[in-house]
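*Asks:* please find the sequence and the predicted model below.
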Amino acid sequence: MRKTVIAVGVLSVLTACSESTPPESASQAPTETATADKPACGSVTIAEMNWNSAALMAHVDEFVLENGYGCEVQLVAGDTMPTGTSMIEKGQPDIAPELWSNGLREPLDKGVAEGRLRYAGNSLSDGGEEGFWVPKYLVDQDPSLATIEGVKANAHLFKHPEDPDAGMFMGCPAGWNCQITSQNLFNALGLEEAGFKLVDPGSGAALSGAIAKAYEREQGWFGYYWAPTAVLGKYAMVKVDFGSGVDKAHYEGCISQADCADPKPTMYPPSAVQSVVTEEFATRAPEAFAYISKRSYTNEQMNGLLAWMEDNQADGATAAEHFLKNNEVIWTSWVDAEVAQKIQKALTD
């Protein structure tokens, strides 16, 4: 997973993913004859990022564009920074299905303004989601635990592993960007005064493992996590409401800064997760572009798909087939009836 979701969007993605530059694309020569009613789609390159949600999206787009719109699709290796830069400077690849765009906002906006790129919509309709979470089974027993005041009043439910008199708040591993935000919000929310101690899980695996362990034993757990992830697909968690709303300016100017002197409560603002395409593709294949613009997943949908991928050790291609065969109600809303019939036939064949 991307460590980006972890605090400032794209920067942690770069930590979690290798920076491989997409190869030069194949020829853009049309593979079918254009008509006045239906422009040719031609050859299309799609960036397949090396984390699961993006790989799934790339393979879904490949199947839909090939079978629904007659495109000749090539997947190319991608990563946030090199893919975005290549699209801006070289016009390739044609499509980045899942681009965590906050860290590239200025150059992407410039590329759009200069007529080289288009934003094609939100690939994750909820955006990248961060927060402090508790297990749903605790909230079912006491609805007040869905609020920070309820959690603070019940610190005894969240046992610290080494201090029986303290509650545990599990933050982020040292070195992750979310370590800064979770520490600052721990202070802003007065959690130490409420009897909590902040615990460093040591690694991303240990953080997710702590949630799994708590669930198996139906114990209390309170800490930081993010979506979309397989963990939140497997384990029903409730994001704690700070009662503060989102103060994006304070989050960016203080909460996300290591030297934040006066942190105040704010919910995490969602990170923009968008599909970006080249202007050349959008102009040449408007029907295919319209599909990319409509295609969007909720975090709940993606959490479930990521959990399925993990449980079945599935790659992007296998997960795409699973999604298309089992979620017809979702994807048929992204295309017209004629295209949907072509895709359904291809899935049957």
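*Replies:* Everything's here; your move.
*Asks:* alpha carbons only for contacts and neighbour counts from here, please
*Replies:* OK.
*Asks:* show me where the protein has strands.
*Replies:* Per DSSP state E, the chain carries strands over the ranges 43-49, 72-78, 95-100, 117-122, 129-135, 167-170, 196-199, 223-227, 237-239, 273-278.
*Asks:* looking at the protein, which helix or strand is least sure?
*Replies:* Least confident element among the helices and strands of the chain, by mean pLDDT, DSSP states H and E: helix 10-16 (a mean of 34).
*Asks:* and the residue lying closest to Lys342 once chain neighbours are set aside, what's its pLDDT?
*Replies:* Spatial nearest neighbour of Lys342, excluding adjacent residues (CA to CA, 6 or more residues apart in numbering): Gly68 at 5.5 Å. pLDDT for Gly68: 97.
*Asks:* gap between Glu279 and Gly91?
*Replies:* Computed with CA to CA, to the nearest Å, the distance linking Glu279 and Gly91 is 8 Å.
*Asks:* intersection of neighbour lists for these two?
*Replies:* Listed contacts common to Glu279 and Gly91 are Arg116; contacts here mean CA atoms under 8 Å, 6 or more residues apart in numbering.
*Asks:* what sits against Gly171?
*Replies:* Gln179, Ser182, Gln183, Leu198, Val199, Asp200, Pro201, Gly223, Tyr224.
*Asks:* between the lengthiest helix in the chain and strand 43-49, how big is the angle?
*Replies:* The longest helix of the chain (DSSP state H) is helix 52-69. Between helix 52-69 and strand 43-49, the angle comes out at 160 degrees (axes from the mean of the first three to the mean of the last three CA atoms, to 10 degrees).
*Asks:* please name every helix or strand in contact with helix 52-69.
*Replies:* Secondary-structure packing of helix 52-69 (3 or more CA pairs under 8 Å, 6 or more residues apart in numbering; DSSP states H and E): strand 43-49, strand 72-78, strand 95-100, helix 286-294, helix 299-312, helix 316-326, helix 337-348.
*Asks:* how far out from the middle of the chain is the first one?
*Replies:* How far strand 43-49 lies from its chain's middle: 18 Å, per CA atoms, centre = their mean, to the nearest Å.
*Asks:* if we can go back for a sec, restricted to buried residues, select the contacts of Gly171 in ChimeraX.
*Replies:* Remark: buried members of the contacts of Gly171, expressed as a ChimeraX selection using 16 or more other CA atoms under 10 Å:
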select :179,182,183,198,199,201,223,224
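*Asks:* of all the contacts of Gly171, which comes closest to Asp126?
*Replies:* Tyr224 (17.8 Å; CA to CA).
*Asks:* find the residue closest to that closest one in space, skipping its chain neighbours.
*Replies:* Of all residues not flanking Tyr224 in the chain, Phe132 sits nearest, at 4.4 Å (CA to CA, 6+ apart).
*Asks:* residue contacts, His250?
*Replies:* By CA under 8 Å, 6+ apart, His250 lies in contact with Lys264, Thr266.
*Asks:* going forward, count from 500.
*Replies:* Happy to do that; since the first residue is 500 now, the last one works out to His749.
*Asks:* of the strands of the chain, which stretch is the most buried?
*Replies:* strand 594-599 (a mean of 29; mean count of other CA atoms under 10 Å).
*Asks:* and the chain, what are its domains?
*Replies:* What automatic domain parsing lists as the domains of the chain is 509-625+770-847, 628-754.
*Asks:* contacts only, for Ala771.
*Replies:* Counted by CA under 8 Å, 6+ apart, Ala771 has contacts Gly508, Trp599, Ser600, Asn601, Asn621, Gly626, Gly627.
*Asks:* okay, the residues you listed in CSV with pLDDT and distance to Leu706 next?
*Replies:* Formatted as CSV, those follow (pLDDT from 0 to 100; distance: CA to CA, whole Å):
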residue, pLDDT, distance to Leu706
Gly508, 37, 19
Trp599, 88, 23
Ser600, 82, 26
Asn601, 77, 25
Asn621, 96, 28
Gly626, 94, 22
Gly627, 93, 18
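*Asks:* show me what contacts Gln773?
*Replies:* For Gln773, the contact set (CA under 8 Å, 6+ apart) comprises Pro596, Glu597, Leu598, Trp599, Ser600, Tyr618, Ala619, Gly620, Asn621, Ser622, Leu623.
*Asks:* just to revisit the earlier point, so what's the residue count around the residue nearest to Lys841?
*Replies:* 23 (other CA atoms under 10 Å).
*Asks:* cool, thanks, signing off.
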